[in-house]
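Participant: just to be clear, the model below is a prediction. Sequence and coordinates:
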Amino acid sequence: MTYNSTGETPIGKTSKERDRLKVNNFFRALLHPRDFFSVLGKDRYKSLKIRIVLIDAILSVIPLFIVVTVSYFWFQSILKEDFRNNMKWQLVGTKQSIDFFLEERLSALRFLSSNCPYEKLSDRKMLTDIFNKFKREYAGLVDLGVIDSNGIQKSYTGPYHLLGKDYSNQDWFHEVIIRSGYISNVFMGYRKIPHFSIAVKKEVPEKGTFWVLRATIDMETLKKYTSNIDLRENDDAFIINTEGILQTPSRFHGNVLEKFIPPLYLNQEDISVREIESNGNTVIFGNVFIKKSSWFLITIIKSTPYLKIPKIFTNELFIITLISIFISIAVSIGMTQAVVNRIKKADQERELAIANIEHSSKLASIGRLAAGVAHEINNPLAIINEKTGLMKDILDLTGDLQQNKEKFIGLINGIFDSVNRCRTITHRLLGFSRRIDVEHDVIDLNDTIKEVIEFLEKEILFRNIRLELHLGKDLPKIETDKGLIQQVLLNIINNAIDAVDHGGFIELSSNFKDKNTVQISIKDNGSGIPKDKLKHIFEPFYTTKEKGKGTGLGLSISYGIMQRLSGIILVESEVGKGTILIVEIPIKSESS
């Protein structure tokens, strides 16, 4: 291959230059993946055990010590606060359960509307089949319907006769048009049974219209969540909307869809559990806002179990405290021992796994290199065979060595050259597995790029990849490790080759970044890398390739190499357009 700075594809080199390229020293400083991790030593494990036990013991003893030293007269207020915190915890737990229930079904509807076309969902048989599968995964759903932009239910599956119903005047229909996804208040609707709807809007930009996928859930499903709160016979828990309309029935404040006037202002931003006066009695009023809806979860606690405090004498409390301290320390030691031993075992298994993967990765690299060596070493061996045969023929025909002396010397020199080529190939292959230290060579960056490209020549030609080189003129010779730079370029260009399709395009360029730095740009027109994956590509064992096509160490090792050489690798990518990796190298090496 030939190269020029205008971007021609490389086509041919002399046999010596190809040999020099095939087994160059770009693999000679392969980084060990174990360098990415630190292994805890025995002293550190022991220190970790001591720290955990001490911290756990301190955290266990302090609350007990406070209980011992706190006055009996403060005990009642402590239990009060504990009761309130417990009620707040129950409110938060119930709220989170309802939040998850609503969010899960809203997300499921969005997924269904995005992956199933309107035509498929409009087929009642198909909709019924989808709904049956859907219902097995998401409990509580009553029915499922598809509604067009005019509010007419075009397809329906469920226990009611709602096909063709007009929802254009329903509040929930107008809300879902505005918000694209909406959870309605409880209402009666056509079925005359309290229920609420979960609906999502699917835009059809090419037709300038939309359609709505709607599921309904009975109010009884919502009521089940309020029953999970620990209540006594005089307590109450229910759900209202922002207008004070009951969404679930209340024990003492009315039935579904009746009005309830909260005794306090309800804040949507925070959970509140407060003690208030109501009709001459002290009650605990709690409320919390439920996301993705316009609902408040309300609790009204009239019973006060914390007022019935048994008389606990100081000496009994002291004995209980001491016993608790000893038990806490014993449990802490046992748990700490188990946890630290598990951490230690996991570290050992991780180190062994990394070592095995590192070994496999290096063997794979050697195998690929050896395949190229085996192919190329046939060329000098063929020359040796040809020239030796010619010498034998000359001897057989003439028998006069003096007359053919010069010709014999030329043939012998050719044999020497071929033997030297074989020696160079094998020595470089051996050097790959031995050398791991950074060396400082003065190299021509453009020649180094050409050598790496020439190593991959056959694969590029085989896949019909169009390769363009734009090599900067007048670039100075740089002081760095040539083998490590070649290894980095090989990893990146191999990734580019894997990323493009047959007949794809790769562009390499070199130029100045500033007076102290040169840079190499490798650009391909492959599939690109999604933004959420882009930040992980330099992590060990992370790969975007298909399973079995890579270990995920190439870019990670390359990144570590550039750090050792005081350089850096930058990446830009856009899905569907390709990827650009930029390798920045200092002109004068700062690494040691």
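Facilitator: Right, received. Where do you want to start?
Participant: where does Gln558 fall, phi/psi-wise?
Facilitator: Let me fix one detail, which is that residue 558 is Ser and not Gln. phi -60, psi -40 (degrees, to the nearest 10).
Participant: and it, how far from Asn495?
Facilitator: As judged by CB to CB, to the nearest Å, Ser558 and Asn495 stand 9 Å apart. (Glycine included, C-beta is placed from N, CA and C.)
Participant: identify the bridge partners of the nearest residue to Glu275 once chain neighbours are set aside.
Facilitator: Taking CB to CB, 6 or more residues apart in numbering, and ignoring the residues beside it in sequence, Glu275 has Ile284 as its nearest neighbour in space, at 5.5 Å. On the basis of DSSP bridges, Ile284 is bridged to Glu275, Ile301.
Participant: was I right to think Ile284 contacts Val273?
Facilitator: Yes - with contacts counted by CB atoms under 8 Å, Ile284 reaches Val273, the gap being 6.4 Å.
Participant: joint contacts of those two?
Facilitator: Arg84, Met87, Thr299 (CB atoms under 8 Å, 6 or more residues apart in numbering).
Participant: other SSEs contacting the helix or strand the second one falls within?
Facilitator: Assigned by DSSP states H and E, Met87 falls within helix 75-115. Secondary-structure packing of helix 75-115 (3 or more CB pairs under 8 Å, 6 or more residues apart in numbering; DSSP states H and E): helix 124-137, strand 181-183, strand 195-204, strand 209-218, helix 219-226, strand 272-278, strand 281-290, strand 295-301.
Participant: the residue lying closest to Ser180 once chain neighbours are set aside - how many residues pack around it?
Facilitator: Leaving aside its sequence neighbours, Ser180 sits nearest to Lys201 (CB to CB, 6+ apart; 4.7 Å). Look at Lys201: counted by other CB atoms under 10 Å, it has 22 neighbours.
Participant: look up which residues are beta-bridged to Lys201.
Facilitator: Beta-bridge partners, per DSSP bridges, of Lys201: Val212.
Participant: what score does Arg428 have for pLDDT?
Facilitator: Note for Arg428: predicted pLDDT of 48.
Participant: brain fart, Arg18
Facilitator: 44.
Participant: cool, and Phe432?
Facilitator: pLDDT, Phe432: 45.
Participant: swap in Leu570?
Facilitator: pLDDT at Leu570 comes out at 90.
Participant: just Leu471 next, same as before
Facilitator: Confidence score, pLDDT, at Leu471: 89.
Participant: dihedrals phi and psi, it?
Facilitator: Dihedral angles (degrees, to the nearest 10) for Leu471: phi -90, psi 130.
Participant: next one: it from Thr448, what distance?
Facilitator: 11 Å.
Participant: where's the residue nearest to the spatial centre of the chain, which helix or strand?
Facilitator: Of all residues in the chain, the one closest to the mean position by CA atoms, centre = their mean is Lys533, 6.4 Å from it. Using DSSP H and E, Lys533 sits within helix 531-534.
Participant: likewise for Leu144?
Facilitator: strand 141-148.
Participant: number of nearby residues for Gln487?
Facilitator: Gln487 has 26 nearby residues by other CB under 10 Å.
Participant: quick check: mean pLDDT of the helix or strand where it lies?
Facilitator: According to DSSP H and E, Gln487 maps onto helix 482-499. Computed over helix 482-499, the mean pLDDT rounds to 83.
Participant: after it, which helix or strand is next?
Facilitator: Downstream of helix 482-499 (by DSSP H and E), the next one is strand 505-514.
Participant: all set now, cheers.
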